[in-house]
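Chemist: The following comprises the amino acid sequence and a computationally predicted model.
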Amino acid sequence: MIRCLIIDDEPLARQLMESHIRQVKNLQLVGTCETAIEAFEWLHREQVDLLFLDIQMPGITGLNFLKSLKSPPKVIFTTAYMEYAVEAFELEAVDYLLKPITFERFIKAIQKINPPREQPTATPPSMPDEAIFIKVNKRLVRIAYPDIYYIEGSGDYIKVVTAAVTHTSYHSLNKIEELLPEQRFLRIHKSYIINLQHIQFIEGNLLRILDKELPVGVTYKDALFRKLGHE
């Protein structure tokens, strides 16, 4: 059993990591901390094998916290910032996860721990509970897959469109495409990813979703029809 400690000042990020950990049988969550100071106290009184460590936190950063430990546990960094990756791996981090962290990416990180006492086995969430977390302003917002109609990319930003609200996030469309399950979502244009279950109709190079006509790019059209069973 791998005993884990979460260190992150964002409540939603802690909740997401707790959910991921509880789905893996050989992981045991021993506690959560908002600051490095709290984490020091936990490490003094508990055996901890693995830290899920944020970088940008009030007071001591995650990197400085790790440097201060004489015999640190294994560490997986969980952060919204790409620019610290090189330094993190110089500190022998197991992995470097960029928020929002999907369960699939989480499992890949766990499998890098060598040697695990048992192969990580997961109980995936039921279909209605499957969701993605995206950063909107300073919040991690949970959006269930069935609620997503389409995603529009524009430069470094995306718009995640649901029936009720449109969320804007600093994120690339290419990156969000990697996080979404391919059985549900498909890229149909350089600027659009759609939820296949919400297609109303396709006519020519246009596709209707949520009373909006979206362009189907020439290079994406064959893949779309194959996905729909029309070669």
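Modeler: The structure has been received and is ready for your questions. Residues are numbered from 1 along each chain as shown.

Chemist: Now the most centrally placed residue in the chain: which helix or strand?
Modeler: Nearest to the mean C-alpha position of the chain, counting by CA atoms, centre = their mean, stands residue 101 at 2.0 Å. Following DSSP states H and E, there is no helix or strand that holds residue 101.

Chemist: Quick check: it touching residue 20?
Modeler: Yes: Residue 101 sits in contact with residue 20 when judged by CB atoms under 8 Å, with a separation of 7.2 Å. Any C-beta I mention is one placed from the backbone N, CA and C, and that applies to glycine too.

Chemist: follow-up on the earlier one: what's near enough to touch the residue nearest to the centre of the chain?
Modeler: Residues near residue 101 by CB atoms under 8 Å, 6 or more residues apart in numbering: 16, 17, 20, 78, 133.

Chemist: change it to 7 Å
Modeler: Counting by CB atoms under 7 Å, 6 or more residues apart in numbering, residue 101 touches 16, 78.

Chemist: and it, how far is that from residue 41?
Modeler: 25 Å (CB to CB, to the nearest Å).

Chemist: Let me know the secondary structure of the closest residue in space to residue 22 that isn't next to it in sequence.
Modeler: Nearest residue to residue 22 in three dimensions, chain neighbours excluded: residue 29, at 6.9 Å (CB to CB, 6 or more residues apart in numbering). Assigned with DSSP: H, G, I helix; E, B strand; the rest coil, residue 29 falls in the strand class.

Chemist: quick check: domain ranges of this structure?
Modeler: Segmentation of the chain into domains, based on automatic domain parsing, reads 2-110, 138-227.
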